[in-house]
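[1] My questions are about this predicted structure, shown below with the sequence.
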Amino acid sequence: MQKAIFLDRDGVINANDNHYYVFRVDDFQLNEGVISSLQSFLKKGFLLIIISNQGGVSKKKYTIKDIEKLNDHIVGLFAKENIKITESYYCPHHSDIEKCICRKPNSLMIEKAVARFNIDIKESYMIGDSVRDVQASEKIGVKGIKVDANKNLFDELSKSDCAFLVRD
């Protein structure tokens, strides 16, 4: 079995304080500390998997093509730093418009990754900036770590009870 770090996208990987819905490459701004954090996770043998609600699709603010273009940009940006993103999962639904079982705080996106990549849930973590991120992970036994949105990820983790994830 493998261990994984599940990462929320908006607010954790990238800043979303100027744009609640980040879907354009031009609006993407990597949060500080993300590169060093992801490199630490990889050194410790974790797979990196992005888990993201993208309800703007249901609200017709952007398209699935927009999400995939931005996700490709993110994966490419990380690849330049020798960081491999194993997979990116996203839910295009919004609870104001439709019901689904994938939108966090539901756990379907995480469950899919666990099954597909044979992930040990007891050795894995979800890092998110909202209670619903933590709720989604803890529904299936993955430890959730809540960080403040749009902050330096390395610093946020360093001051948590999971500092060992980023420290050598």
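    It's in.

[2] did I read that right, residue 77 in a helix?
    Yes: using DSSP: H, G, I helix; E, B strand; the rest coil, the secondary structure at residue 77 is a helix.

[3] quick one, longest strand in this structure?
    strand 46-53 (DSSP state E).

[4] What strand or helix carries the residue sitting furthest away from the middle of the chain?
    Distance from the C-alpha centroid of the chain, by CA atoms, centre = their mean, peaks at residue 97 (23.1 Å). Assigned by DSSP states H and E, residue 97 belongs to neither a helix nor a strand.

[5] what's the distance between the residue lying closest to it once chain neighbours are set aside and residue 90?
    Nearest residue to residue 97, sequence neighbours excluded (CB to CB, 6 or more residues apart in numbering): residue 58, at 4.5 Å. All C-beta atoms are positioned from the backbone trio N, CA, C, and that covers glycine. Per CB to CB, to the nearest Å, residue 58 is found 12 Å from residue 90.

[6] can you count the residues close to residue 118?
    11 (other CB atoms under 10 Å).

[7] go on, residue 146?
    Neighbours of residue 146 using other CB under 10 Å come to 17.

[8] Just list whatever residues bridge to it.
    Beta-bridge pairing of residue 146 under DSSP bridges involves residue 128.
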